[in-house]
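J.: no sequence on this one, just coordinates:
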């Protein structure tokens, strides 16, 4: 009987998810913060969790500008960051996380080339407080994404030379940010990191490093 009840509960939960997503999407968006939090309190709501994460990458202000941002559950934050279309890096010896969203994927053309995208954005999460965090949307979509076989993820540019808005390591193992193709600069300093860590995914307490680059004297390259 217990097994039957558990099965019926799972079936009911799945039907409820489908009903809400297919017929009550406007209501879900209106109460997004609460729905998002509740959906991650039970791992049975996978479809609803995926729906919420899709909304976040389309409308990132619902996530980054939410008053509840600092109280978001760790598993829900990880589920967003683990997406293949998000690239992130930690600035060494700071409390900053920099990253960007690319929904159209990365190519590796020899010599490099821009990809047009009007949905991408870059961001900076600072000191664990939403007040100090920055979200910057693309304003020149034709320069949204730069792809090159010798570089890591690169967002923006179009100003000639080293004009990219966010570079997560280039062919010289440098990282920096400027402001050209995106609305805002996400860091006050054009930087060559003394060290940075590039992540495929992370959680807020422990970082799982995919690739690590340690730079010594890089200021002369900027």
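T.: It's in. Just so it is clear, the structure is predicted and the values come from calculations on it, not from any experiment.

J.: where along the chain do the strands fall?
T.: 86-91, 96-101, 113-115, 121-126, 129-137, 145-147, 154-155, 166-167, 195-199, 201-202, 207-208, 211-214 (DSSP state E).

J.: go through these and find the least confident stretch.
T.: Of all the strands of the chain, mean pLDDT reaches its minimum on strand 207-208 (a mean of 25).

J.: any idea how far residue 33 is from residue 125?
T.: 18 Å (C-beta to C-beta, to the nearest Å). (Each C-beta comes from the backbone N, C-alpha and C, glycine too.)

J.: who has more neighbours, those two?
T.: Under the criterion of other C-beta atoms under 10 Å, the comparison of residue 33 against residue 125 puts residue 125 first, with 22 against 16.

J.: can you tell me, leaving aside adjacent residues, what's nearest to that one?
T.: residue 97 (4.3 Å; C-beta to C-beta, 6 or more residues apart in numbering).

J.: swap in residue 113?
T.: For residue 113, ignoring the flanking residues on the chain, the nearest one in space by C-beta to C-beta, 6+ apart is residue 147 at 5.9 Å.

J.: what's near enough to touch residue 15?
T.: Applying C-beta atoms under 8 Å, 6 or more residues apart in numbering, we find residue 15 in contact with no residue.

J.: again, but for residue 181
T.: 138, 139, 140, 143, 144, 155, 156, 157, 158, 165.

J.: who touches the fifth one in this structure?
T.: For residue 144, the contacting residues are 114, 115, 116, 117, 118, 120, 138, 155, 156, 181, taking C-beta under 8 Å, 6+ apart as the criterion.
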